[in-house]
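K.L.:
Here's a sequence, model it:
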Amino acid sequence: MTPIYLDNAATTQIDPEVVQAMLPYLNTHFGNPSSIHSFGRITRTAIEQARKQIASLIGSSPSEIFFTSGGTEANNMAIVRSIRDLKIKHAISSPIEHHAVSHTLEALRDEGAISLSWVNLDKTGKVDLNHLELLLSQNPGSFVSLMHANNELGTMLPLRETTELVKKYQGIFHSDTVQTLGHFPINVQECQVDFLNCAAHKFHGPKGIGFIYIRSGTGIHPFIYGGAQERNMRGGTENLSGIVGLAKALEIATNEMDAHSMHIRALKNYMAEKLQTEIPGVAFNGDVSDNSLYTVLNVSFPPSPAGEMLLFSLDIQGIAASGGSACSSGSDVGSHVLKAIGADSSRSHVRFSFSKFTTRHEIDRTIEVLKGIFVADKSALNA
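P.N.:
Okay, here's the model as predicted:
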């Protein structure tokens, strides 16, 4: 039985080309980039070349790219440093943000640094922009953090329109773009966002590396002290091979974006259609239109005793999927995202997420397994 991996929103398989790009910086070129000798100069050059390449792919200046350990650190950096350094007293976010955002904002609220408002959502998780404008008009100069695409639902935010709205009321706008960078074209000169972030492992790069984009002139202070790395903004010896791998993965993702998005979107639509045909009562959470995150399909299965062990049953059959965010998979409190949109708690909900390596054969086999689980269960109930 060949395993089937449908949890790409949690992490993706590293691309072999990315591994090859990283290898020289894991063995031959091992010098500390802060050293002034030739070993250090070689690795420093590799880091700055990666920075320039990434900047060119998102329309920024290299000086606006800062490498981090991933999306969570970048989110924390944008939120904490902006609120502390820019003396911001009010923040606006949504109840379906990744916990790297919501927990950070709640911690700042609980210690009295800010007041915090939650913007209204519709039943698919879309932000109510009229309510956002009301909150901004009541609290000009707010820090606003709204993710570009929800990691569980696939529902997307109109980035440019939201940025214009925040700027209309002199706000600072941060968007968690971990699920969309490498999958959608993003140009910071067009959308004028103040902060966005990236995690390489979401688009076939290595884990433990990402970056934060900080618009020039934002004026925040370092997040991690202890060294002059990242132009004094993030102390600590750089993840050299990870940075090289990140740049290579983003280059591949950008160059092949059209082909990959067409392939993956077709698989998502195919699976949605087949599920509705083969398993009566199947529905979907979030936005499943062509305007959604094409890598994610959140499926709501009809109430059934089989639903209680559905993820386990799939795993037994060699199929990897998720009930929600991988970062909260060790918790038994359920998905805060599904609760926020009022998803039916009597139904089982599974997030299937796809990549360029996913095949139609894998989708067909997954549907057959699901069919077997629910058909067998229904037969038992009718016996």
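
K.L.:
Just give the closest residue to Asn32, not the sequence neighbours.
P.N.:
Gly40 (5.5 Å; CB to CB, 6 or more residues apart in numbering). Heads up, the C-betas are built off the backbone N, CA and C, glycines and all.

K.L.:
Distance check, the one you found against Leu159.
P.N.:
Separation of Gly40 from Leu159 (CB to CB, to the nearest Å) stands at 38 Å.

K.L.:
just to revisit the earlier point, who touches whichever strand or helix holds the residue nearest to Asn32?
P.N.:
Assigning secondary structure by DSSP states H and E places Gly40 in helix 38-58. For helix 38-58, the surrounding residues in contact (CB atoms under 8 Å, 6 or more residues apart in numbering) are 25, 29-35, 61-62, 64-65, 67, 181, 186-188, 196, 211, 213, 238, 240, 243-244, 246-247, 250-251, 254.

K.L.:
which of Gly40 and Leu159 has more neighbours?
P.N.:
Using other CB atoms under 10 Å as the criterion, Gly40 and Leu159 rank with Leu159 on top: 23 against 15.

K.L.:
can I assume the more buried one is in contact with Met147?
P.N.:
No. Judged on CB atoms under 8 Å, Leu159 makes no contact with Met147 at a distance of 10.1 Å.

K.L.:
Which residues are in contact with each of the two?
P.N.:
Common contact partners of Leu159 and Met147 (CB under 8 Å, 6+ apart): Ser175.

K.L.:
circling back to that earlier point, name the next helix or strand following the helix holding Gly40 along the chain.
P.N.:
strand 65-68.

K.L.:
Can you list the neighbours in contact with that next one?
P.N.:
Here strand 65-68 has contacts from 47, 51, 54-55, 74, 77, 197, 209-214, 230-231, 233-234, 238-239, 243, 246, using CB under 8 Å, 6+ apart.

K.L.:
Return a ChimeraX selection command for the buried portion of those residues.
P.N.:
For the buried members of the contacts of strand 65-68, the matching ChimeraX selection, counting by 16 or more other CB atoms under 10 Å, is:
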select :47,51,54,55,74,77,197,209,210,211,212,213,214,230,233,234,238,239,243,246
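
K.L.:
ok, back up a step: the residue nearest to Asn32 and Gly31, how far apart?
P.N.:
Taking CB to CB, one finds Gly40 at 4 Å from Gly31.

K.L.:
Relative to Thr237, how far out is the residue nearest to Asn32?
P.N.:
Taking CB to CB as the measure, Gly40 falls 11 Å from Thr237.
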